[in-house]
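Chemist: Show me how the following folds:
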Amino acid sequence: MAARGHVQDPNDRRLRPIYDYLDNGNNKMAIQQADKLLKKHKDLHCAKVLKAIGLQRTGKQDEAFALAQEVTTLEPTDDNSLQALTILYREMHRPELVTKLYEAAVKKVPLSEEYHSHLFMAYARVGEYKKMQQAGMALYKIVPKNPYYFWSVMSLVMQAISAQDDKLAQTMFLPLAERMVEKMVKEDKIEAEAEVQLYFMILERLGKCVEALEVIRGPLGEKLTSELQSRERKCMMLYRRLERWPECNALAHKLLLKNPDDWQFYPAYFDSLFQLVDQAWTPPDDGEHCPEGPVHHCVADVVRFVEERIRGEEGKESRSLRGPFLARLELMQRLRERGCPEESMLGEPLDLMVQFFQKFGDKPCCITDLKIYLHLLSPDQHVQFINRLSDGVPLGERDGEAPAFPEDIKALQRHLCVCQLSRALGLHHALDLDGKLRLIGELKAHYRHGLKFGKNALKTELQFSDMYCLMAAHVYIDLWAETGDQSMAWRCLGLLQEGLSHSSSNAQFKLLLLLLYCRLGAFEPVVDLYSSLDAKHVQHDTIGFLLTRYAEALGQFAAASQSCNFSLRFFHSNQKDTSEYIIQAYKYGAFEKIPEFIALRNRLNQSLHFAQVRTERMLLDLLLEADIVLSLEESVKAMSLSAEEDDVPWDTLRDNRDLTVFTNWDPKERQLSDDQRRQSLEEESVWLRIRSLTLRLVAALAALGHTASQQNSETSNENGIGDKTAVLCGLLAQLNQTLQTAAQLAEKRIQLPFLGPPSTRLAAALSSGSCQCQAAALQLSVHLQELETAGLDESSELQTQICNSFKSLVVQLQEILNKCKGDLLELKGSKLKSQPSFLENLIFFVETVSLVLWVSSFCAKILRPLKSSLQKKKKKKKETQTALPPVLCGFQELTASVQDLLGQTLEHIRAQEVAVTTVKLASLTLEGNSHEEASFTKAAMEKVQSSYLRSLQELGELLKKRAETIKTLKI
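Modeler: Take a look at the predicted model:
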């Protein structure tokens, strides 16, 4: 037999088929193969673990866990078993069990570098920083490699970052970390850039800026080579912290001489100048100004320096750099803010901006560069400014009434920039109705003309003229807001759909379409639009609110579940992913990234959107399943929902929404203000609190429903019912308090810009009466609990009160239903009108009636034993005819009334389905639109029509299931 260089472990060969089955997702075959192998080799631990992985993946968690624990107690040391158990425990979300595995392995094989490093990484997954420090040092003692030593140092820094007591971090953890690094510095053992970065991080956190500066400027600083100008940026940051303004100024000046286009150093240059001016700093009579070189300490020097940079750019044959020209505008802005007369040395802002446009107007960034300096122009200069810019745009000859068009891409970009600046100066908004319609016509003509420049563009590329289309859509939205004429919204939809047909990757078209469809009450087209945006990672947190805000509110429950899952999947994987990122950062020495990963994880865990989606998803599941698929009690138990625990971090809640996601050229006074941002966040928080309390109250109701059979208050308290009632009462008090706050907030009638954050459902929920009715229904459960304690004989007043509550509930439900009655979609002449408020109110009715039915089910559980004990008493006394107690009659009337209301609602939904279906869009004539435009607009209308039908169907199906549950409420 020929000799082989590598002898394969026979166990590896035996296990290979199981690994292959697991990798291919064939878990059942993996289990069977493992069973076969275990019959022959009972002590093959890895086969047991691989079987457990197969069981875990087929949903048999308990069996998998038992099998895994069986192997874990044997404390295996073979690599296959340890790796397989690590995979299994990670899939079970039990990373803490991996640490115990490797602790045992390290005890048995104390000199294994591999097991020690696995133990360190296992501690990193669960954030055991103290144990990480000890494991790092143990590893360094076995294998004295620098990375292991610095793992231990970084773990000390992490103890400092995570310490509750800042004093402890500053006096113990960080000084110890500093001493550990200094030891390596003295022994000249610092090898890698990561080690210098870590030393810098420690000194920075200790506030030792002078020492940090010495490190950066000394020989250790020479190791900082992975990022361009890393040393210079760190020096600049330290100079600013130490308020060494001469050095800051001189360093910025030196770096700008090297690269006058490096914008990051201009702000430092200007900041240091004004600090020196305020301090009246003067250079020393002899010698250097400072170690970094000459200092520009007066405004004239800086003006001269900027002008020299500009002259240098103008004298070049190659393309000029934007940095110096922007620096001049920035300096002018700062001089004006301070009221410095030297502003006039730079020239007139209008001339400077025209000059900037002449040089860079054909770049797409020209608009964003100039937009932030437009306030330097006086209002009476606005028209003059636009006219001067227009003169510099080369356009072709006019053809009759058609506007003159640009003849190449650069001219198109210049013309587009002028249009965008006109809008940013408010010139579009100042036009009257006819002027705006003419403007839309011109923008559409320019858009369609510009399409010829992108004929050969790839599908993933945007068209050069897309921004004309988007701007025309914005003007349509202005007209809709000003006139209330919904035909503008339909035209806007048609135009954006046309734009999307030519530029299928344009995210701005998709975002605006998404917003418009939702505002018109149609959620069906939105799901595909959001999917096509292909939101990545953190975007599910920053823009996910655009989707989840409308999902349930527009009655598309299946799509609502899907959209909540989009976001929740990301948030839940974030925990696991972040641990992996931290481990990779340790492996590759990217120590400065580790606190950033921890901060990202905290930011996402404390996200307002995460809390909202979590709450809404559970409420939605209860709405769709409780007392239909499972009983309310089973549904609550399956969700591990507890009334006592509030899982929303109210004190640290973070608003991570990206409220600038829409391209917006509106003037500053029309954009979202800081005050409006604050009001939006306040409204979101109050609405979340109402929803969260409602969810917890339902959980409390379910907990009471479990034990709604005892009649004696002493036995009740033994069973903890008294405590559960107290929880319910406490939550009700909080809900009523929050509803008062909400009512005050709703009175303010906060108006947010169309392109700002969407308003919550709060105002609509209060005006429909839904919140008040739900609170009243939940309050009823407390009275029923009191009735159970008092019994039927001694409670006539309480019974009267409960009967009145029953009647009040029916009245309130009827009022909510009345607010749903109206046509969702109606065609008047040539105008189509959608009224989504009727649909939103219908959702509120369905949510409220479902909650009333859950409370009714709880009432039935309490009243049944009371009624049966009453009948037993009657039999004993041989009474034949006695009137039923009022509460029993009242309850029967309540269930009959609710059944009648559900019948009315189903009838209304059927009528609306017919009405929406009979809207004939094909025969609709859209005035002032070309055939192509009309076809896009009608397609958008059909999507809205189809979405309304889908919403009505889903509502109807849910209500039919709810109506079935009334049969179970007989007592």
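
Chemist: quick one: low-confidence ranges for this protein?
Modeler: Low-confidence segments of the chain (pLDDT under 70): 1-9, 400, 706-722, 874-883, 928.

Chemist: In space, not sequence, find me the middle residue of it.
Modeler: Centroid check for the chain by CA atoms, centre = their mean gives residue 541 as the closest residue, at 1.7 Å.

Chemist: Quick check: buried residues in stretch 534-547?
Modeler: Neighbour-count burial for stretch 534-547, counted by 16 or more other CB atoms under 10 Å, picks out 535, 538, 540, 541, 542, 543, 544, 545, 546, 547. For every residue, glycine as well, the C-beta is placed using N, CA and C.

Chemist: Send over it as PDB, restricted to the C-alpha atoms.
Modeler: The C-alpha coordinates for stretch 534-547 follow below in PDB (Å, rounded to 0.1, in the frame of the first residue of the first chain):
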ATOM      1  CA  ASP A 534     -33.400  46.700  -1.600                       C
ATOM      2  CA  ALA A 535     -32.900  48.400   1.800                       C
ATOM      3  CA  LYS A 536     -29.600  47.200   3.400                       C
ATOM      4  CA  HIS A 537     -28.900  46.500   7.000                       C
ATOM      5  CA  VAL A 538     -29.300  49.700   9.100                       C
ATOM      6  CA  GLN A 539     -31.700  51.200   6.500                       C
ATOM      7  CA  HIS A 540     -34.400  48.900   7.900                       C
ATOM      8  CA  ASP A 541     -34.200  51.100  11.000                       C
ATOM      9  CA  THR A 542     -33.700  54.500   9.300                       C
ATOM     10  CA  ILE A 543     -36.400  54.200   6.500                       C
ATOM     11  CA  GLY A 544     -38.500  51.300   7.600                       C
ATOM     12  CA  PHE A 545     -41.000  53.600   9.300                       C
ATOM     13  CA  LEU A 546     -42.200  54.700   5.800                       C
ATOM     14  CA  LEU A 547     -43.500  51.200   5.300                       C
END
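
Chemist: hmm, back to that, output the buried residues of stretch 534-547 as TSV; include the columns secondary structure and distance to residue 111.
Modeler: As requested, the buried residues of stretch 534-547 are exported to TSV (DSSP: H, G, I helix; E, B strand; the rest coil; distance: CB to CB, whole Å):
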residue	secondary structure	distance to residue 111
535	coil	49
538	coil	43
540	helix	46
541	helix	45
542	helix	49
543	coil	52
544	coil	50
545	helix	54
546	helix	56
547	helix	55
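
Chemist: Just the strands from the stretch 751-900 of the chain, written as ranges.
Modeler: 825-828, 831-834 (DSSP state E, counting those that start in this stretch).

Chemist: Show the contacting residues for residue 547.
Modeler: Going by CB atoms under 8 Å, 6 or more residues apart in numbering, residue 547 touches 514, 526, 527, 530, 563, 566.

Chemist: Let me know the secondary structure of residue 919.
Modeler: Secondary structure for residue 919, judged by DSSP: H, G, I helix; E, B strand; the rest coil, is coil.

Chemist: Run a quick neighbour tally on residue 341.
Modeler: Close neighbours of residue 341, defined as other CB atoms under 10 Å, add up to 8.

Chemist: pretty sure residue 47 contacts residue 19?
Modeler: No - the pair residue 47 / residue 19 is not scored as a contact, 10.7 Å apart, by CB atoms under 8 Å.

Chemist: Quick check on these two: which one has the bigger neighbour count.
Modeler: Set residue 47 next to residue 19 and count neighbours by other CB under 10 Å: residue 47 wins out with 26 against 17.

Chemist: so which helix or strand takes in the more buried one?
Modeler: Assigned by DSSP states H and E, residue 47 belongs to helix 45-57.

Chemist: For that helix, name the packing helices and strands.
Modeler: helix 10-23, helix 27-40, helix 61-72, helix 79-91 (3 or more CB pairs under 8 Å, 6 or more residues apart in numbering; DSSP states H and E).

Chemist: Out of the contacts of residue 547, list just those in helices.
Modeler: Residues from the contacts of residue 547 lying in helices, with DSSP state H as the criterion: 514, 526, 527, 530, 563, 566.

Chemist: so which of those residues comes closest to residue 725?
Modeler: Closest approach between the ones in helices among the contacts of residue 547 and residue 725, by CB to CB: residue 563, at 36.5 Å.

Chemist: Tell me where the stretch 451-600 of the chain has helices.
Modeler: 466-483, 486-502, 507-519, 524-533, 539-542, 545-551, 557-587, 594-605 (DSSP state H, counting those that start in this stretch).

Chemist: And for residue 399, the neighbour number?
Modeler: By other CB under 10 Å, 9 other residues sit near residue 399.

Chemist: Could you do residue 933 as well?
Modeler: Number of residues near residue 933 (other CB under 10 Å) recorded here: 17.

Chemist: and it, what does it touch?
Modeler: 491, 494, 495, 498, 926.

Chemist: what's the most distant pair in those?
Modeler: Greatest spatial distance among the contacts of residue 933 (CB to CB): 498 and 926, at 13.2 Å.

Chemist: neighbouring contacts of the helix or strand where residue 202 lies?
Modeler: Using DSSP H and E, residue 202 maps to helix 193-205. The contact list for helix 193-205, computed with CB under 8 Å, 6+ apart, reads 146, 150, 153-154, 157, 160, 169, 174, 177-178, 181, 184-185, 190, 209, 211-212, 215-216, 220-221, 223-226, 234, 588-592.

Chemist: Check the residues you listed for burial and list the buried ones.
Modeler: For those, a neighbour count by 16+ other CB under 10 Å gives the buried set as 146, 150, 153-154, 157, 160, 169, 174, 177-178, 181, 184, 190, 209, 211-212, 215-216, 220-221, 223-224, 234, 589-591.

Chemist: Give me the subset of those residues lying in helices.
Modeler: Filtering the buried ones among the contacts of helix 193-205 for membership in helices, criterion DSSP H, returns 146, 150, 153-154, 157, 160, 174, 177-178, 181, 184, 209, 211-212, 215-216, 234.

Chemist: And the closest residue to residue 362 other than its chain neighbours, how close does it get to residue 375?
Modeler: Distance criterion CB to CB, 6 or more residues apart in numbering; nearest residue to residue 362, sequence neighbours excluded, is residue 410 at 3.9 Å. Residue 410 sits 28 Å away from residue 375, taking CB to CB, to the nearest Å as the criterion.

Chemist: For residue 57, the count of nearby residues, please.
Modeler: By other CB under 10 Å, neighbour count at residue 57 equals 18.

Chemist: ok, the nearest residue to it once chain neighbours are set aside - contacts?
Modeler: In space, not counting the residues next to it along the chain, residue 57 is nearest to residue 27; the distance is 4.6 Å by CB to CB, 6+ apart. The contact partners of residue 27, taken as CB under 8 Å, 6+ apart, are 21, 53, 54, 55, 57, 58.

Chemist: Let me know how buried the closest residue to the second one other than its chain neighbours is, in neighbour terms.
Modeler: Read it as residue 53. Counting by CB to CB, 6+ apart, residue 53 lies nearest to residue 88, which is 5.1 Å off, once chain neighbours are set aside. Residue 88 has 25 neighbours, counted by other CB under 10 Å.
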